[in-house]
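Engineer: Here's my sequence, what's the structure:
(one chain, ligands or ions: 1)
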Amino acid sequence: MTKMRVRFAPSPTGALHIGGVRTALYDYLLAKKHGGTFVLRIEDTDQKRYVEGAEDYIINALKWCGLEPDEGPGIGGDFGPYRQSERKEIYQKYIQQLLDDGHAYYAFDTAEELDAMRDKVKAEGKHSFQYDASTRMLMRNSLSMSESSVKELLDNGVPFTIRFKMPEDQEVTVNDLIREEVIFQTNELDDKVLMKSGGLPTYHLANIVDDHLMEITHVIRGEEWLPSTGLHVMMYRCFGWEDSMPKFAHLPLILKPAPSTYVTKRTKEKFSESFAIEFMKTTELEMDYEDAKKVITQVFSNPKDIQSQLKIGKNDDGKKKAVKTFLKNAMYGKLSKRDGDRLGFPVFPLSWEGKTEIDSFVGFKEIGFDADAVNNFLVFLGWNPGTEQEMFSMKEMIDTFSLKRVGKSGAKFDYEKARWFNQQYLMNKDDRKIAEELMVLLSEKRLGLDLAFLEKVAAMMKERVHFIPEILESGYYLFEPVKSYDNKTILKRWKPENMEKMIILAETLKGIMSFDASIIESKVKQFMEEQELGFGEVLPILRLAVSGTTMGPSVFDIMALLGHEETNNRMTLSYKYFDELIAE
Ligand code: GLU
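Structural biologist: Numbers count the residues shown, from 1 in each chain. Sure, this is the predicted structure:
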């Protein structure tokens, strides 16, 4: 059996979107499961869309996710170069083969001529113009022109493209591993440009030639490529490579999150505003911001029922219809890179510094996601194991993954689920590792903390947050003096007449030899009994005194971590503050 070779073939046209990472993950899992090879190929022949830094971004993103290619640019391998811009001669050779065999032809039509043809067809009220078997003889190309005129044009250096001559009356069957049988009629397909006028191949040519030469056995890619696959199979046929053609698997779309996951009673006002602003930017209608917002507010009035509110009603006027149509497009369908910004979640693995602010994005990594959690989240966007298991280590994913269990219908992106996965990973993460990450985050603050201390912080806090950096926010009082107090609760709980007793408690705790959480706890309980005070009178006060809030880990753990002196200081200082607050 031939060894499985799966490639990931991104184009460096910007930061790699999370959908691209999912493709790479599936590529990787499939290759690893079968002891195959995971190949990275950079498809950079479209110079107009080339973006500086995008290739590095792709490589860094794969590295962060732990999806390191076995072959690729900068890694090497027997099938290089792995950057298409370095393979120009190869494509020349193969386009020549198609020309020689009559499967491709020179086309001299200028952009203006093509536009004129499009306009003419439109004016005649026919379908839009397609360069194909029915029209190619009306155009200026090596099929419609005499051999001598073609030669003359070529000799004079007149620019040309090379088009695929799509055979007529054939049926192409693609046996997609996910979609099963997809049939294309060649009469419906056009003569795609394979070589551009500058001598660079288009995606179609470079992709087919490279998959063949790199002995790729499996092509996994987004559903948007399915319509091109008829052409691709036909090209394999014309090259005489159909027998060794890779198997195709077209992944379902990643869809925008369900509106109910972000439009809630609490957020609907905010989203009415932001969608209204966006609508105003895109609409050509004469409409007031307030009127647009009113329609949106109405649609969002019951966040659980947005879809039916979006139905166009008989009495809706043109403006209302326009707003609803805009909302439909903005809230349903394929996840786009803009959705992250507008809905407040990441759609890129790593942050990306674009030329402008609107082109810059924060990544999963920078938000504080664990790469394993991101992989675990992504593997479920299209695949399911057929069991209830949700947590998968990379090894388990490799063992369990199969294209057979990838669905056809779109997978909704659910950011809350991504956060949930991260929380699960954090809870299971080694305290020492969390401590090391905290140390890096804290290094700028120069607090002189040691790892042993941070390990205790990690143990106390990891179940209470979704991300490591959150530990530093919600548990800041473990590192620094209390900055702000929950005054409302203090006013409710603090009884000035208990001041004396609370000072006795502070003194008692100061005297404990080994300042350990369980000993502190028993001393506090003993104190409450002796002083005949209830839990509600003491514990919230202690918590507020040492942390400023009533939430967070056990108050005894906090005290033990802070130590004798700090606990005592905070208690006495806070009591004073509580008294002052009540007196105001
Ligand atoms: N370069 C194409 C892309 O970025 C690859 C599509 C494919 O995998 O064939 O989407």
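
Engineer: Only C-alpha atoms from now on, for both contacts and neighbour counts.
Structural biologist: Fine.

Engineer: which residues sit in contact with whatever residue of the stretch 401-550 of the chain ends up closest to the ligand?
Structural biologist: The minimum distance from the stretch 401-550 of the chain to the ligand, using Cα to the nearest ligand atom, falls at Leu403 (15.7 Å). Leu403 makes contacts with Leu30, Leu177, Ile178, Ala249, Trp383, as judged by Cα atoms under 8 Å, 6 or more residues apart in numbering.

Engineer: Please indicate which of those residues are buried?
Structural biologist: Buried members of the contacts of Leu403, counted by 16 or more other Cα atoms under 10 Å: Leu30, Leu177, Ile178, Ala249, Trp383.

Engineer: Now intersect the residues you listed with the strands, please.
Structural biologist: The members of the buried ones among the contacts of Leu403 that map onto strands under DSSP state E are Ala249.

Engineer: of all the buried ones among the contacts of Leu403, which comes closest to the ligand?
Structural biologist: Looking across these and measuring by Cα to the nearest ligand atom, the closest to the ligand is Ala249, at 9.9 Å.

Engineer: Could you give me the buried positions within stretch 376-388?
Structural biologist: Asn376, Phe377, Leu378, Val379, Phe380, Leu381, Gly382, Trp383, Asn384, Pro385.

Engineer: For Tyr485, give me the backbone phi and psi.
Structural biologist: phi -110, psi 150 (degrees, to the nearest 10).

Engineer: brain fart, Phe164
Structural biologist: Backbone torsions of Phe164, given as degrees, to the nearest 10, read phi -80, psi 130.

Engineer: Model confidence for it, exactly?
Structural biologist: Looking at Phe164, its pLDDT is 98.

Engineer: what residues does the stretch 201-350 of the chain put near the ligand?
Structural biologist: With Cα under 6 Å from any ligand atom as the criterion, the stretch 201-350 of the chain meets the ligand at residues Arg221.

Engineer: Closest residue of the stretch 201-350 of the chain to the ligand?
Structural biologist: Nearest residue of the stretch 201-350 of the chain to the ligand: Arg221, at 4.7 Å (Cα to the nearest ligand atom).

Engineer: which SS state does that residue fall under?
Structural biologist: strand (DSSP: H, G, I helix; E, B strand; the rest coil).

Engineer: Against Leu205, how distant is it?
Structural biologist: 17 Å (Cα to Cα, to the nearest Å).

Engineer: between those two, who's got more neighbours?
Structural biologist: Using other Cα atoms under 10 Å as the criterion, Arg221 and Leu205 rank with Arg221 on top: 24 against 20.

Engineer: Show the low-confidence segments of the stretch 1-150 of the chain, by residue range.
Structural biologist: 1 (pLDDT under 70).

Engineer: can you pull out the helices in it?
Structural biologist: Secondary structure of the stretch 1-150 of the chain by DSSP state H, counting those that start in this stretch: the helices cover 18-33, 54-65, 88-100, 111-123, 147-155.

Engineer: Neighbours of Pro303, how many?
Structural biologist: For Pro303, the tally of surrounding residues (other Cα under 10 Å) stands at 20.

Engineer: My guess is it contacts Glu269. True?
Structural biologist: No - here Pro303 lies out of contact with Glu269, judged by Cα atoms under 8 Å, at a distance of 11.0 Å.

Engineer: Wasn't His212 part of a strand?
Structural biologist: No - read with three-state DSSP, His212 is helix and lies in no strand.

Engineer: Grab the nearest non-local neighbour of it.
Structural biologist: Leaving aside its chain neighbours, His212 sits nearest to Met245 (7.0 Å; criterion: Cα to Cα, 6 or more residues apart in numbering).

Engineer: what's the spacing between the top helix by length along the chain and its chain's center?
Structural biologist: Criterion DSSP state H: the longest helix present in the chain is helix 564-583. Centroid separation between helix 564-583 and its chain, computed with Cα atoms, centre = their mean, to the nearest Å, is 46 Å.

Engineer: State the next helix or strand along the chain beyond whatever helix or strand Glu455 lives in.
Structural biologist: Using DSSP states H and E, Glu455 maps to helix 451-461. Per DSSP H and E, helix 451-461 leads on to helix 468-474 as the next helix or strand towards the C-terminus.

Engineer: helices and strands of this structure: which one has the lowest mean pLDDT?
Structural biologist: Every helix and strand of the chain was ranked by mean pLDDT, DSSP states H and E. The lowest is helix 337-343, at a mean of 87.

Engineer: Tell me which residues of that helix come out buried.
Structural biologist: Per 16+ other Cα under 10 Å, helix 337-343 contains these buried residues: Lys337, Asp339, Gly340, Leu343.

Engineer: between the helices of the stretch 1-150 of the chain, which one is nearest to the ligand?
Structural biologist: Closest of those to the ligand is helix 18-33, at 7.9 Å (criterion: Cα to the nearest ligand atom).

Engineer: The closest one close to the ligand?
Structural biologist: No - using Cα under 6 Å from any ligand atom, helix 18-33 stays clear of the ligand, with a minimum separation of 7.9 Å.

Engineer: Flag the shaky bits of the chain, pLDDT-wise.
Structural biologist: Within the chain, the stretches with pLDDT under 70 are 1, 444-448.

Engineer: Pull up the residues of it that are close to the ligand.
Structural biologist: Neighbours of the ligand within the chain, by Cα under 6 Å from any ligand atom: Ala9, Pro10, Ser11, Glu43, Arg221.

Engineer: Please convert the residues you listed to JSON lines, extending it with distance to Lys321.
Structural biologist: As requested, the residues of the chain next to the ligand are exported to JSON lines (distance: Cα to Cα, whole Å):
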{"residue": "Ala9", "distance to Lys321": "41"}
{"residue": "Pro10", "distance to Lys321": "38"}
{"residue": "Ser11", "distance to Lys321": "38"}
{"residue": "Glu43", "distance to Lys321": "41"}
{"residue": "Arg221", "distance to Lys321": "36"}
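
Engineer: now those: which count as buried?
Structural biologist: Buried among these by 16+ other Cα under 10 Å: Ala9, Pro10, Ser11, Glu43, Arg221.

Engineer: Now the two most distant members of these.
Structural biologist: Farthest apart among those by Cα to Cα are Glu43 and Arg221. That separation is 13.6 Å.
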